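Undergrad: Have a look; sequence and predicted model below, questions after that.
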Amino acid sequence: MKSLTSAGVITGLLITTIAGLNIRDKRDMPESTSSGLLASKDDQFDIAESDYYAGITMLLKQRYVDPITDDKKLLSGAVRGMVTGLSDINSQFYNQNEFAAYKNVRAGQYHGVGVWLDFKSVKTDIKGVGADAEISLPRLAVVSVAPGSAADKAGVKAGDLVSELDDHWVLNSEAIIKFRKAQQDFFAKKIDFKTINDMRKDIKAKLDKSVTPIHAKERLISGEVGISHVKFERGSIVIDTHLQKGIYDVPAFKDVNGAFMMTFTSGAYDALKSYASGKSEITLDLRNNVLGDFETMRKCLTVVAPASNFGYFSNEKKATPMIFKTESGVAKAPKIKLIVDTSTRDAAEVFALSLSSKGYATLSGTEMGNSRRYQEICQLPDGCGYTLTTGIFKAGTPTTDVKKGKGGKK
């Protein structure tokens, strides 16, 4: 599994640029003269990592200027720090509103403007700024659109990038890198002062009126009333929209023109079993299919395929990969056609790969979302939650490298 370090790079770039533009004065944190939590260089005074949380909690409760009355808030803050500290866009922490939206989409209900958003790595083509030119830029991207929603009616599609929200620039590092490249060009006398100064003014204006991708995501996927002014990028095209918030239900399963549209939510197994019964050929529409339940998906495999080992979830930290298999199934698989596109992700994408790699199904449509991760999902006592990626699906059988704990070929 590849961790993405771009988030830290972007933060550094933003801080460097903001400092260079003198947007804020630098304020130094006074040094502490007393801290019982700092690890000593003397081994006998080293503090075990597992004791730090308890120690910091005690320090806050005993010495912090205001009373600490909410242990749940402390717990969520600690978990947030650990998850975000992974610098992995596929393992995320959600506040109460975001986690409620996450659970709603898993149940087939979209709140907000009718989209589900995720962070997408976008490769920059800007050259000449050292290592920065090689990083992947995480952008806030649409991964699915609820049919009939405000976003759907406005023509928003999976793959569109969110660039502005309510006249605020959604922070991304591409503009920062362009400015740094222009600085180099200015010092090399490739561009004049007016050009670099105009760029400086433009980026300062953007930073003065900006919103982080995380906050933009929360505002777009939650709420039931209000209108959001959103600009999306689709290559060089800008889609300018005003989207009415609401609640948009996506049917978990529906027979449309001979194709069975389904999501891997409660009831999917029984519905698919009824639809496929007695048929030698079936067509399943797996578009707009995100955040599905893996166990429900595994049960659905038993309806349309013989019992089999379909693949495994690779994890570089584990010597033994998690095998993905079914213990039961049909004696003879029907001929299956799967309709997919970039909004076919997560459980749906693993379902499609499992069947197609075994020759039980053919794929029709575009490339899928390339989101084949298995995630542990946890809700915290205060309603926040997080997802932790523990494996990436690969069809076939584990390689020798996997058995040795190296994660297999990538």
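TA: The structure has been received and is ready for your questions. Numbering: from 1, shown residues only.
Undergrad: use CA for all of it now, contacts and neighbours both
TA: Fine.
Undergrad: Identify the residues contacting the residue most central in space within the chain.
TA: Against the mean C-alpha coordinate of the chain, by CA atoms, centre = their mean, the closest residue is residue 118 at 3.9 Å. Counting by CA atoms under 8 Å, 6 or more residues apart in numbering, residue 118 touches 140, 141, 142, 143.
Undergrad: Pipe these into TSV and attach neighbour count, distance to residue 207 and secondary structure per row.
TA: Listed next are these as TSV, based on neighbours: other CA atoms under 10 Å; distance: CA to CA, whole Å; DSSP: H, G, I helix; E, B strand; the rest coil:
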residue	neighbour count	distance to residue 207	secondary structure
140	25	17	strand
141	24	20	strand
142	22	23	strand
143	24	26	strand
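Undergrad: Kindly confirm my reading that the residue nearest to the centre of the chain is in a helix.
TA: No. Assigned with DSSP: H, G, I helix; E, B strand; the rest coil, residue 118 falls outside any helix and is strand.
Undergrad: Report the beta-bridge partners for it.
TA: Residue 118 has these beta-bridge partners by DSSP bridges: residue 141.
Undergrad: List the beta-bridge partners for residue 373.
TA: Beta-bridge partners, per DSSP bridges, of residue 373: residue 392.
Undergrad: That one and residue 389 touch, don't they?
TA: Yes. Assessed by CA atoms under 8 Å, residue 373 is found in contact with residue 389 at 6.3 Å.
Undergrad: Between these two, which is the more surrounded one?
TA: More neighbours surround residue 373 than the other of residue 373 and residue 389, with 23 against 18 (other CA atoms under 10 Å).
Undergrad: What separation is there between that one and residue 93?
TA: 16 Å (CA to CA, to the nearest Å).
Undergrad: and what of residue 302?
TA: 33 Å.
Undergrad: for the residue nearest to residue 105 when sequence neighbours are not counted, what are its contacts?
TA: Excluding the flanking residues, the one nearest residue 105 by CA to CA, 6 or more residues apart in numbering is residue 291, at 7.2 Å. The contact partners of residue 291, by CA under 8 Å, 6+ apart, come to 105, 106, 345, 346, 347.
Undergrad: just residue 93 next, same as before
TA: 80, 83, 84, 384, 385, 386, 387.
Undergrad: 6 Å - rerun?
TA: Contact partners of residue 93, counting by CA atoms under 6 Å, 6 or more residues apart in numbering, are 80, 386.
Undergrad: Torsion angles phi and psi at it?
TA: Here is the backbone geometry of residue 93 (degrees, to the nearest 10): phi -100, psi 140.
Undergrad: Who does it form a beta bridge with?
TA: Going by DSSP bridges, residue 93 forms beta bridges with residue 386.
Undergrad: Tell me where the protein is predicted with low confidence.
TA: 1-71, 123-137, 317-319, 399-410 (pLDDT under 70).
Undergrad: Take the contacts of residue 118 and write them to TSV, including distance to residue 194.
TA: Supplementary listing: these in TSV, determined by distance: CA to CA, whole Å:
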residue	distance to residue 194
140	32
141	34
142	37
143	40
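Undergrad: what's the most distant pair in those residues?
TA: Across the contacts of residue 118, no pair lies farther apart than 140 and 143, at 9.5 Å, counting by CA to CA.
Undergrad: what about residue 350, is that helix, strand or coil?
TA: With three-state DSSP as the criterion, residue 350 reads helix.
Undergrad: And the one 3 residues further on, by the same measure?
TA: For residue 353, the secondary structure call by three-state DSSP comes out as helix.
Undergrad: distance of the closest residue in space to it that isn't next to it in sequence from residue 350?
TA: With sequence-adjacent residues excluded and distances taken as CA to CA, 6+ apart, residue 353 is closest to residue 395, at 6.8 Å. Distance, residue 395 to residue 350, using CA to CA: 9 Å.
Undergrad: Now do the strands for the stretch 151-300 of the chain: every range, in order, please.
TA: Counting by DSSP state E, counting those that start in this stretch, the stretch 151-300 of the chain has strands at residues 161-165, 168-170, 210-211, 227-234, 237-244, 246-249, 253-256, 259-262, 281-285.
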